[in-house]
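> Have a look at this fold, sequence not included:
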């Protein structure tokens, strides 16, 4: 299993540009999450999904959009990129239910907006 | 909503010493408390977790303790080794709430050989 994969690894955007961060998992997990990590701030939840076709906002959703058309994929869309969106973005997935709550993280995408 | 505070932000210890990282949470409904380790350039990885019906859990050199009354939990690493150097995050969650985690700010642990 590849686990959780993210592309690209690095990206530089100009202010006002848009892009999609890709996330895929091959563990058949129903739950998927997007976090951003800023220095000294921990990880903040942007959006999450409990299954195909179902998404919901996390702590910091403004400026982002998501979709979940399949169990495997959970892309994060940035429209009108702003310097405040410079961060490292992590995608994660987990099993449904309460028996195993571990979240499996991808390697991250480092995004710079200038 | 839930808020998790983590201290200290940085911790430096000599190899072989113990390290302790502490977290407090605000929502008494939280019942699941994982700890994640993040090595440089990688995503976080779960190292140990505890549920609210347990006061302490151990796994070799690492242990977690939970005080529900005081709403705080701690990570203890004994006999530290250079490979323990990383950023450690605590988190809190309500297990019925879609698995959403609220993370602390992180602790950078440096183990000096």
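The structure has been received and is ready for your questions. Owing to the predicted nature of the structure, the values given are computational and were not obtained by experimental measurement.

> distance of the closest residue to residue A:77 other than its chain neighbours from residue B:31?
Leaving out its chain neighbours, the residue that sits closest to residue A:77 by CB to CB, 6 or more residues apart in numbering or on different chains is residue A:65, at 4.4 Å. All C-beta atoms are positioned from the backbone trio N, CA, C, and that covers glycine. Using CB to CB, to the nearest Å, one obtains 31 Å as the distance from residue A:65 to residue B:31.

> And the two? Which one has more around it.
Remark: of residue A:65 and residue B:31, residue B:31 carries more neighbours, 19 against 15, as counted by other CB atoms under 10 Å in any protein chain shown.

> Does that one touch residue B:49 like I think?
No. Contact status for residue B:31 versus residue B:49: not in contact, 11.2 Å apart, counting by CB atoms under 8 Å.

> In contact with residue B:103, which residues?
Counting by CB atoms under 8 Å, 6 or more residues apart in numbering or on different chains, residue B:103 touches A:35, A:42-44, B:4, B:36, B:89-91.

> scratch that, residue A:89
So residue A:89 contacts A:6, A:21, A:34-37, A:46, A:76, A:108-111 (CB under 8 Å, 6+ apart).

> Next up, the contacts around the nearest residue to it once chain neighbours are set aside.
Closest residue in space to residue A:89, ignoring its immediate chain neighbours: residue A:109 at 4.7 Å, by CB to CB, 6+ apart. Shown in contact with residue A:109 (CB under 8 Å, 6+ apart): A:6-11, A:21, A:88-89.

> I'd like the distance between residue B:20 and residue A:24.
Between residue B:20 and residue A:24 the distance is 38 Å, computed by CB to CB.

> How about residues contacting stretch A:49-59?
By CB under 8 Å, 6+ apart, stretch A:49-59 touches A:30-34, A:44-48, A:66-71, A:74, A:96, B:1, B:98, B:100, B:102.

> Now do the end-to-end distance for it.
With CA to CA, to the nearest Å as the measure, stretch A:49-59 spans 14 Å from end to end.
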